[in-house]
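Asks: after the sequence you'll find the predicted model.
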Amino acid sequence: MTAEDLPAVMEIERATFPADAWSEAMLRGELRDQPRTRHYLVAEMGERVVGYAGLAVAADQADVQTIAVLAAHRRAGVGAALMDALLAEAVRRGATSVFLEVRADNPPAQAMYERFGFRRLGLRRRYYEDGTDAITMTKDLGSERPDAEREQ
Ligand SMILES: CC(C)(COP(=O)(O)OP(=O)(O)OC[C@H]1O[C@@H](n2cnc3c(N)ncnc32)[C@H](O)[C@@H]1OP(=O)(O)O)[C@@H](O)C(=O)NCCC(=O)NCCS
């Protein structure tokens, strides 16, 4: 992802997270940290941005910062392709584990993370502004083989 992608990305961000969308300034800040501690990607179909995802890596720990796919393009493998790319980058950068937070009222995202081998770590009560709990999840990257794992 580059600054040129921000208009399209912000459109998806606002449509996907109406209650707590990141501001364009926040995303710009994330992009400024590339490649040092951040890795952001867009998924395109033709010329159109249909999804994006971002990773933060510090020492041996990686965090999934965000992932979203345009509603009309979900359940077509875009989210999985973005996750594959984030996990591969985390491994490339030497991370040994990856963490994320997901809303307790978001079963589709939880299902995707479970499919990628994330396990539930804990619960942060009323973590989100509207009072929803966050589930924290982690995945060990020690013997990471994303593609092989997904075929099981
Ligand atoms: C979560 C999200 C990124 C998944 O993207 P996607 O492109 O639809 O995901 P994929 O088609 O690659 O699906 C990958 C796997 O995730 C799981 N999954 C995805 N959506 C699901 C749903 N609605 N119900 C159950 N499982 C689901 C399935 O295991 C799926 O594999 P399958 O299609 O072979 O069964 C997408 O639903 C989204 O943008 N949601 C809104 C934003 C969001 O919640 N982001 C995460 C914030 S923590």
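Replies: It's in.

Asks: and the closest residue to Thr66 other than its chain neighbours, how far from Thr2?
Replies: Nearest non-adjacent residue to Thr66, counting by Cβ to Cβ, 6 or more residues apart in numbering: Gly54, 4.9 Å away. To be clear about C-beta, it is placed using only N, CA and C from the backbone, and glycine gets the same treatment. As judged by Cβ to Cβ, to the nearest Å, Gly54 and Thr2 stand 13 Å apart.

Asks: give me the more crowded residue out of those two.
Replies: Shown here are Gly54 and Thr2; by other Cβ atoms under 10 Å, Gly54 has more neighbours (24 against 9).

Asks: what about the more buried one, which SS state?
Replies: strand (DSSP: H, G, I helix; E, B strand; the rest coil).

Asks: and Glu44, how close does it get to Arg120?
Replies: 32 Å.

Asks: same check on Met45?
Replies: 32 Å.
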